[in-house]
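1. model this:
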Amino acid sequence: MTTLINPVLDRMRGGQASLGLAVRLGRSPDIARVAKATGHDFLFIDVQHSVFNLETLTSIAHTALAIGVAPLVRVRGLDDPDISLLLDNGVTGIVFPDVADAVGARRAVDLCKFPPVGKRSVCGAYPHFDFRPTPLSEACPALNAATLVVCMIETAEGLRNIEEIAAVPGVDVIHVGANDLLVSLGKTGQFDDPILIEAMDRAIAAAGANGIFAGSGGNRDVARQVAAIQRGARFVTTQTDLGFLTAAAGQWVAGVRKGVGA
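-> Residues are numbered from 1 along each chain as shown. Okay, here's the model as predicted:
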């Protein structure tokens, strides 16, 4: 029987946190190698807030597949027309922003999973198998098992319905998007507010009750990320490539200027 290994699922099922590099700046497939070299398990390619063309996305995905890094794409929403195209061409998971209720979660599953789980259309060959001829009777179950459906909780409505969202069959991760959720709750930027900690704990409990995983995103602080993992979060985005670059570059330049007394 044909099987596929998704490193994100493997690590989370082993009880460990899976760490993702959020990609907003990188346009070369080498960003996948950077992710691997820095210990990341997946790419979180942000199509919602950055401009990528389809060829760039699939080139990055193919390199990531080849080196054991999971290429995930955060799409523009449930109506993004490129979802099935991305999955057919190497992407191994879709992150859906602002999922507000179980209806939206079921639609996300329908878009990403083949029958009988969802309603995704099949094609003739998949890069996930290196384009080897693979009977659809084997390819579809393997791809269903290895394709992540991630539903982001980013609004007060989504938080109210988080238990229902987590219970939808085919959802793999409920991912708390801290920035947008705090804005929605009138707590912009207040990452230590008890309301966000409670939201994360509800996500962890709802995920655990349904045999899936909780994620923490948007909270760009090592100590807070460690705390979320210690409480049970297993899908965590560390920082954006842009954030890493500007932080390191700024620290370096400040060190040089300080060294020369500027």
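2. what is the rounded mean pLDDT of the helix ranked longest in the chain?
-> As assigned by DSSP state H, the longest helix anywhere in the chain is helix 241-259. For helix 241-259, mean pLDDT is 97.
3. Show me what that helix packs onto, helices and strands only.
-> Applying 3 or more C-beta pairs under 8 Å, 6 or more residues apart in numbering; DSSP states H and E, one finds that helix 241-259 contacts strand 18-23. Placement of C-beta: from N, CA and C, glycine included.
4. Against which helices or strands is whichever helix or strand comes after the strand it packs on packed?
-> Per DSSP states H and E, the first helix or strand lying C-terminal to strand 18-23 is helix 30-37. Under the contact definition 3+ C-beta pairs under 8 Å, 6+ apart, helix 30-37 sits against strand 18-23, strand 42-46, helix 54-67.
5. about what we covered before: can you list contacts of the longest helix of the chain?
-> With C-beta atoms under 8 Å, 6 or more residues apart in numbering as the test, helix 241-259 has contacts from Leu21, Ala22, Val23, Arg24, Leu25, Gly26, Ile31, Val34, Arg220, Gln239.
6. so who does the fifth one touch?
-> Contact analysis of Leu25 by C-beta under 8 Å, 6+ apart lists Ser50, Thr240, Asp241, Leu242, Leu245.
7. Now with 7 Å, please.
-> Leu25 makes contacts with Asp241, Leu242, Leu245, as judged by C-beta atoms under 7 Å, 6 or more residues apart in numbering.
8. now it: how far from Val51?
-> Distance, Leu25 to Val51, by C-beta to C-beta, to the nearest Å: 11 Å.
9. And the helices in the stretch 51-200 of the chain?
-> With DSSP state H, counting those that start in this stretch as the criterion, the stretch 51-200 of the chain has helices at 54-67, 83-88, 102-112, 136-146, 156-160, 162-166, 178-184, 194-209.
10. What are the buried residues along the first one?
-> Of all the residues in helix 54-67, those buried under the rule 16 or more other C-beta atoms under 10 Å are Leu57, Thr58, Ser59, Ile60, Ala61, His62, Thr63, Ala64, Leu65.
11. Can you lay out these as CSV showing pLDDT and distance to Gly158?
-> Listed next are the buried residues of helix 54-67 as CSV, based on pLDDT from 0 to 100; distance: C-beta to C-beta, whole Å:
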residue, pLDDT, distance to Gly158
Leu57, 98, 26
Thr58, 97, 30
Ser59, 98, 33
Ile60, 98, 28
Ala61, 98, 27
His62, 98, 33
Thr63, 98, 33
Ala64, 98, 28
Leu65, 97, 31
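12. closest to Val183 among those?
-> Leu57 (27.4 Å; C-beta to C-beta).
13. quick one: that closest one and Ser50 touch, right?
-> No - counting by C-beta atoms under 7 Å, Leu57 sits too far from Ser50 to count as a contact (10.8 Å).
14. show me the contacts for Ile229.
-> When contacts are counted by C-beta under 7 Å, 6+ apart, Ile229 touches Ala17, Val236.
15. Looks to me like it is in a helix.
-> Yes - looking at Ile229 with DSSP: H, G, I helix; E, B strand; the rest coil, it is inside a helix.
16. What is the nearest of the contacts of helix 241-259 to Gly232?
-> Closest to Gly232 out of those is Arg220 (19.9 Å), distances taken as C-beta to C-beta.
17. Quickly find the element holding the nearest residue to that closest one once chain neighbours are set aside.
-> Spatially, and ignoring its direct neighbours in sequence, Arg220 is nearest to Gln239 (5.4 Å; C-beta to C-beta, 6 or more residues apart in numbering). Of the helices and strands defined by DSSP H and E, Gln239 is found in strand 235-240.
18. which ones are touching the residue lying closest to Asp80 once chain neighbours are set aside?
-> Closest residue to Asp80 apart from its sequence neighbours, by C-beta to C-beta, 6+ apart: Val47 at 7.6 Å. Val47 sits next to Val73, Arg74, Val75, Arg76 when contact means C-beta under 7 Å, 6+ apart.
19. The second one against Leu43, yeah?
-> No - in terms of C-beta under 7 Å, Arg74 does not count as a neighbour of Leu43; the distance is 10.3 Å.
20. Okay then, goodbye and thanks.
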